[in-house]
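> I would like to see how this sequence folds:
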Amino acid sequence: METELELIINLLVAIVGLSGVIGAFIGIREYREGRIVKRKEILFPLIEEFDDETNQMDIAKNMLDGFKFRNKGWEHPIDYYGIENLKIFRHHKKDGGIDDIGEIDIRNGFDALLDFFGKLGYLLSVKLINEQEMEYFMYYIEAAAKSQAVKVY
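Next up is the predicted model:
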């Protein structure tokens, strides 16, 4: 009789232990799934912001892609507004003010893009996004890092 009782107790202990292990695995899986959902909640709005063509940074992204363009109200010919024109990126306090709407739009676009890169850097440093998720933005990050004009700015 005692061995039957010990067998039942051992079986109950095993069941309780197994349910604890199963519960731990379920908890870990749900934690991971929750982290994935949280990362999506952070990453997808960033991608939407980055791809928004009405955003100021779109001018900077197009310039980093090598496009030249001229919007209505910009004073100079189209060739003036290329990324290689370092005059656009001059120091506005030391080298005189900037009153050309085109230069102001371009500078605002690069301000917005560099601010966005700063936001990405912060999120990466606090591990809310990872290097793999940064791949979406790397083309422009690398283009900006290689650009003499952006370095001057």
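> look up the pLDDT of the residue nearest the centre of the chain for me, please.
In the chain, the centroid-proximal residue (Cα atoms, centre = their mean) is Leu120; its distance is 4.0 Å. Among the per-residue scores, Leu120 holds a pLDDT of 96.
> residues of the helix or strand containing it that come out buried?
In this structure, Leu120 sits in helix 101-125 according to DSSP states H and E. For helix 101-125, burial by neighbour count (16 or more other Cβ atoms under 10 Å) applies to 102-103, 105-107, 109-110, 112-113, 116-117, 120, 123. C-beta: built from backbone N, CA, C; applies to glycine.
> before we move on, the earlier item: now the residue nearest to the centre of the chain. Nearest residue, chain neighbours left out?
Nearest non-adjacent residue to Leu120, counting by Cβ to Cβ, 6 or more residues apart in numbering: Phe137, 6.1 Å away.
> for Phe116, same thing?
In space, Phe116 is closest to Met57, 5.9 Å off (Cβ to Cβ, 6+ apart).
> count of residues packed around that neighbour?
Look at Met57: counted by other Cβ atoms under 10 Å, it has 23 neighbours.
> what's the spacing between it and Asn71?
From Met57 across to Asn71, the span is 15 Å (Cβ to Cβ, to the nearest Å).
> now swap in Ser125 and tell me
Distance, Ser125 to Asn71, using Cβ to Cβ: 35 Å.
> still on that earlier bit, who are the packing partners of the helix holding Leu120?
helix 2-51, helix 57-64, helix 131-134, helix 138-146 (3 or more Cβ pairs under 8 Å, 6 or more residues apart in numbering; DSSP states H and E).
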